[in-house]
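Q: Please work out how this folds:
(2 chains)
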Amino acid sequence: MKFLFDLQDKYLAPLFEKGGKFEKLYPLFEAGDTFARTPGDVTKGAPHVRDSIDQKRLMIFVIYALTPCILFGIWNAGHQFNVHNNVEEATFLMDMIRGSLMVLPIIFTSYLVGGICEVTFALIRKHEINEGFLVSGMLFPLTLAPTTPLWQVALGIAFGIIIGKEIFGGVGYNVLNPALTGRAFLFFAYPAQISGDQVWVGSASKAPLVNQIMGYTPTTTDGVTMATPLGVAASSEGVSAQAALADAGYSLSNMVSGVIPGSIGSTSVIAILLGLGYLMITGVASSRIIFSGIAGAAAMGALFNLLPLDNSFAALPFYYHIVMGGFLFGIVFMATDPVSAAASNRGKLIYGFLIGVLTVIIRVANPAYPEGIMLAILFMNVMAPMIDHYVVQGHIKQRTKLARALNHA
Amino acid sequence: MATYKISKGFDVKVLGQPEPIIQELGGQTRFAVYPSEFEGIKPRIQVRVGDKVKRGQVLFFNKRMDRTLFRSPCCGTISAINLGARRFPLEILIDADVNEESETFKSYTSESILQATREELTTYLLDSGMWPLIKQRPFNKIADPDRTPKAVFINAGNTAPFQADFSIILKGDEDAFQAGVNALSRLTEGQVHLCTSVGIELPTFDHVETHIFAGKYPSGNTSVHINRISPILPNDTVYTIAAQNVILLGKLLITGELPRTKVVALAGPAVKESARKYYRVPFGASLDRALADNLEGEEIRLINGNIMWGDQVKLDTCAHFYGSEYFAIEEDRSRHLLGWTMPGLCQYSSHRVNLSTLLGMTHKWKLGTSLHGSHRAMVVTGWMDKHQPLNIMTDFLVRAAIAHDTDEMVQLGILETDPEDFAIASFVDPHKTDVCSIIKQGLAEIEEEGI
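A: Numbering: from 1, shown residues only, chains lettered A, B, ... in the order given. Next comes the predicted model:
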């Protein structure tokens, strides 16, 4: 190993450094180099020591936290496919293989296209390749339906990375969460492939290649129609939403376990809670945002329960809102993106709480968009600087008052 | 005597604490004065290479404030004046001879100092070349003798690894310290505050109010003391001085001669264990005898100060005008395989992303100077504020400084701070932002524009 690194330092590095043959590709070399080994830079001045944490480690830890969601998402995509296409005697392994064949191309496309965008901008702007896209590139596919066409995945992630991030100057300068920006783009540009009843479970008739690989002949040429719990609840007219959900086979327990149709990574509450636990132990994500967000959704849900509205969705017990749809995934992994979230401690509480409140309002009050978390987070991303502004103003007032009091002035 | 409990803070657990023993270190022939130590001055050199100088002779003065004189610490011949960028003199080297000729000044007793007027004392201290020991806030520069401060803060804290323990330095010099305190009390219309950390046992002194600050680093920083006792309002001035320097002022006033020695602590993981102690060295004299053969490691960084705050100095340095401690640490250019995902059992961190932190390892570390990562754009996460005991919003202050927004910087309290207060913010930041330099730049901009 040492031999290889010596070789790299001696022969490869000079090619990419200033004056070298491939000087223009330095960011690419640097990314690979610091991926293999931490950089050997030393502090320039005080403080003379630094914490061993860096952005690479921080970002990778978010990906680690996503692992339960990724694995469960892969299995669930395959499982839903096999169940609803009446594949007989589908084993766990078959679910995993089928799911992998559906989900991995989406993740791969997202990383490939997102990576190309990131690298291109890094090369043009001559800055380091930022690890942020590793997280965006993983979060984005997890919010999509397992049947999303790959060209849409490519378009979405490119939009998210370029418009959501790079035109502002890259990670650290963006206003909106890049992954959600990409998803919102797809949501409004191609609603047919990301909402409705027909996209959440793969149809055997539409996957001839995979069928061939799996050695499976579809029994029907129809697509599979499965509404998500949010879709069911939003369109429950006349009956109570709870009854409509039960009627469609959705109970609290299967919404918590996540063995239901939905976006790839966001159906299972258990998988998300595993990730949340990891984030809390390592302290990588802000607990203020997450828990105030959950409190906000519960509070708004409870308020709707109390109000005498002629809306069956409003009467749905508030805890349903927390386990249904992408709320928990969004509040744990998306809302906590430190770049686009509020930064002050008090600001984080307000920001998280309002995301929860807005999510439930959009779900209940706007029948056109059954899922509210995406729009709520994007809206609060825009509002975050304003929240911080007022928190900072409050702090300035308080500190001036305190200073005057201590000075008897 | 009041005790302040500071709850926020973080102690960097590094090896190399100095033993509380003082070793005498005399007989040096190589002396140096470093004009570059005095920030904000424009030195006009009064001597030439080859000139004979006596102890206390003027070497240079500040062109911006020509009453501020800087005098020779020893008797001898100027051997070199080394210039840096823009012909700024970096160091004046002096070869000492056996001659003991010395300039003398008026001498006082502890009581007669209290009768002296402010004007008399400032003129005396400026003339003797010891005035620059007194600094002022905001901007942490050499005190302006024409501005009467609302208070004087003496810092006897030692929360950074490893600041000298003032109780060790003080032993035997209590009278000189009291004389220095008396002089300071004449400089201000308000109170003189002596702020110490827990564990530093001091006798009681007159004309000074003692405060104890309990807490982790940086609870021993002057800014924290000022922030808790009497925060700086716009147009306020306070004087600050390190406790050891009060002894030097006292000695000057009592003897009428420039103080001959000062005490410095030598610490850090790159110092041999037997050499980690305190040394009493002649003012401005070479530290060779303490440093030579006592440093271990391939490439060593010697810091005039502690691990959190101080400037890198050459290994053949002479004792500086400011500072009571030197810290030696090895340059760490090592590269770690897959650093982004290794468990981190042998990596030191304040965050819970390493196994070493998660397992609650409490041993002291042999730290190096590695940056442990590469620079990234700053993200306002609130992490910089995690260990900040000052009543300021660190992340937002840093952001305002990056944006050159002087109004917001002042509102957020930058005038109460000094770059050293952001050492811990720099330490914890995963984006490797150089917070201290940003704040320094911000303060310079405000000073230039005027508040």
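Q: and the residue lying closest to A:T217 once chain neighbours are set aside, how far is that from B:I439?
A: Leaving out its chain neighbours, the residue that sits closest to A:T217 by Cβ to Cβ, 6 or more residues apart in numbering or on different chains is A:N211, at 6.8 Å. C-beta here means a position set from N, CA and C on the backbone, and glycine is covered the same way. Here A:N211 is placed at a distance of 63 Å from B:I439 (Cβ to Cβ, to the nearest Å).
Q: For those two, indicate the residue with more neighbours.
A: Each of A:N211 and B:I439 has its neighbours counted (other Cβ atoms under 10 Å in any protein chain shown); B:I439 has more, 24 against 17.
Q: Nearest to chain A: which residue in chain B?
A: B:G373 (2.5 Å; Cβ to the nearest Cβ).
Q: list the contacts for that residue?
A: Applying Cβ atoms under 8 Å, 6 or more residues apart in numbering or on different chains to B:G373 gives the contacts A:T38, A:P39, A:R50, A:I53, A:D54, A:Q55, A:K56, A:R57, B:G339, B:P430, B:K432.
Q: So which residues on the stretch 51-200 of chain A come close to chain B?
A: Contacts of the stretch 51-200 of chain A with chain B, taken as Cβ under 8 Å from any Cβ of the partner chain, map to A:51-58, A:60-61, A:128, A:130-131, A:169-173.
Q: What residues sit buried inside the one helix or strand A:C69 maps to?
A: Applying DSSP states H and E as the criterion places A:C69 in helix A:55-84. By 16 or more other Cβ atoms under 10 Å in any protein chain shown, the buried positions in helix A:55-84 come out as A:55-63, A:65-66, A:68-84.
Q: low-confidence ranges in chain B?
A: B:451 (pLDDT under 70).
Q: need the contact list for residue 126.
A: Chain wasn't specified; assuming chain A. A:Y26, A:P27.
Q: hmm, I had chain B in mind actually
A: B:R67, B:T68, B:L69, B:P145.
Q: hmm, try it at 10 Å
A: By Cβ atoms under 10 Å, 6 or more residues apart in numbering or on different chains, the contact set of B:L126 is B:F61, B:N62, B:M65, B:D66, B:R67, B:T68, B:L69, B:P132, B:P145.
Q: Could you find the closest non-adjacent residue to the residue in the stretch 151-300 of chain A that chain B sits nearest to?
A: Residue nearest to chain B within the stretch 151-300 of chain A (Cβ to the nearest Cβ): A:G172, separated by 3.0 Å. In this structure, A:G172 finds its nearest non-sequential neighbour in B:A377, 3.0 Å apart by Cβ to Cβ, 6+ apart.
Q: Provide the secondary structure category for the one you found.
A: Assigned by DSSP: H, G, I helix; E, B strand; the rest coil, the conformation of B:A377 is coil.
Q: For burial, what's the neighbour tally of residue 48?
A: Just going to use chain A. 27.
Q: oops, chain B please
A: Neighbour tally, B:R48, other Cβ under 10 Å: 8.
Q: Quick check: it touching B:I78?
A: Yes: contact status for B:R48 versus B:I78: in contact at 6.7 Å, counting by Cβ atoms under 10 Å.
Q: Against chain B, how distant is A:Y319?
A: 30 Å (Cβ to the nearest Cβ, to the nearest Å).
Q: the domain parsing of chain B - what is it?
A: As given by automatic domain parsing, the domain ranges for chain B are B:2-15+B:105-255, B:371-449.
Q: now the ones you listed as JSON lines including distance to A:M102?
A: Output for the domains of chain B, formatted as JSON lines (distance: least, Cβ to Cβ, whole Å):
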{"stretch": "domain B:2-15+B:105-255", "distance to A:M102": "47"}
{"stretch": "domain B:371-449", "distance to A:M102": "34"}
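Q: For A:I322, give me its contacts.
A: Taking Cβ under 10 Å, 6+ apart, we find A:I322 in contact with A:255-256, A:269, A:293-295, A:297-298, A:301, A:328, A:331, A:356, A:359-360.
Q: contacting residues for the residue in the stretch 1-150 of chain A that chain B sits nearest to?
A: Going by Cβ to the nearest Cβ, chain B is nearest to A:D54 of the stretch 1-150 of chain A, at 2.5 Å. Going by Cβ under 10 Å, 6+ apart, A:D54 touches A:34, A:38-39, A:131, B:339-340, B:353, B:371-376, B:429-432.
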